[in-house]
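Asks: Show me the folded form of this:
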Amino acid sequence: MAPLSGGPALTTLGTLLLLHATYSCLHYRSLATAADLPSASSPPIDVVVEAFLAFLLCLAGQLMCGPFHRVRASAGSGRREIVAPPYRTRDFDLFNTRARALAVAKRTS
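Replies: Just a heads-up that it's a prediction; the model follows:
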């Protein structure tokens with residue numbers, strides 16, 4: 001599947017929209033502080049909607065930028081499977097503390 005050509009444009013548009021939402025929120029807060037409005041702690045709803053729309057545009061632009069790569073589920077040649085050593089179990093992580101483990105190691109050495 002070929003990448004769609006609108007990806008970088010959508011990402012740029014989303015970034016510019018997010019910068020505009022940031023500027024709009026800062027401008028609102030400066031006006032609210034000057035007018036002594038008590039509701040200046042939360043941004044106006046249009047800024048929230050604009051930021052959400054900017055996020056969606058950036059997400060769509062990044063998804064459209066390049067081809068998706070296949071996920072290789074099997075360990076191919078030259079790859080080792082990552083396995084925890086037998087002495088590291090969840091029981092050790094949950095019930096023993098580091099101090100206890102260090103005390104046991106100090107007694108054995």
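
Asks: For this structure, which element, helix or strand, carries the lowest mean pLDDT?
Replies: helix 90-95 (a mean of 52; mean pLDDT, DSSP states H and E).

Asks: Show me which positions of the longest helix along the chain end up buried.
Replies: Looking across the chain with DSSP state H, the single longest helix is helix 7-34. For helix 7-34, a neighbour-count test (16 or more other CB atoms under 10 Å) marks 7, 10-11, 13-14, 17-18, 21, 24-25, 28-29 as buried. The C-beta positions use only the backbone N, C-alpha and C, and glycine is treated the same way.

Asks: Farthest pair within the residues you listed?
Replies: By the measure CB to CB, 7 and 29 form the most distant pair in those, at 33.3 Å.

Asks: ok, how many other residues are close to residue 53?
Replies: A count of nearby residues for residue 53, using other CB atoms under 10 Å, gives 15.

Asks: I figured residue 51 hits residue 18, correct?
Replies: Yes: if you go by CB atoms under 8 Å, residue 51 and residue 18 touch, sitting 6.2 Å apart.

Asks: The longest helix of the chain: how far from the chain's middle?
Replies: 20 Å (CA atoms, centre = their mean, to the nearest Å).

Asks: elements contacting the following helix or strand past that helix?
Replies: Using DSSP states H and E, the next helix or strand after helix 7-34 towards the C-terminus is helix 45-65. With contacts taken as 3 or more CB pairs under 8 Å, 6 or more residues apart in numbering; DSSP states H and E, helix 45-65 sits against helix 7-34.

Asks: any idea how far the closest residue to residue 12 other than its chain neighbours is from residue 13?
Replies: Leaving aside its chain neighbours, residue 12 sits nearest to residue 61 (7.5 Å; criterion: CB to CB, 6 or more residues apart in numbering). Using CB to CB, to the nearest Å, residue 61 is found at 8 Å from residue 13.

Asks: Residue 107 too?
Replies: 64 Å.

Asks: just residue 108 next, same as before
Replies: 63 Å.

Asks: so where is the chain shaky, pLDDT-wise?
Replies: Applying pLDDT under 70 to the chain flags residues 1-4, 72-97.

Asks: Please consider this matter closed, and thank you.
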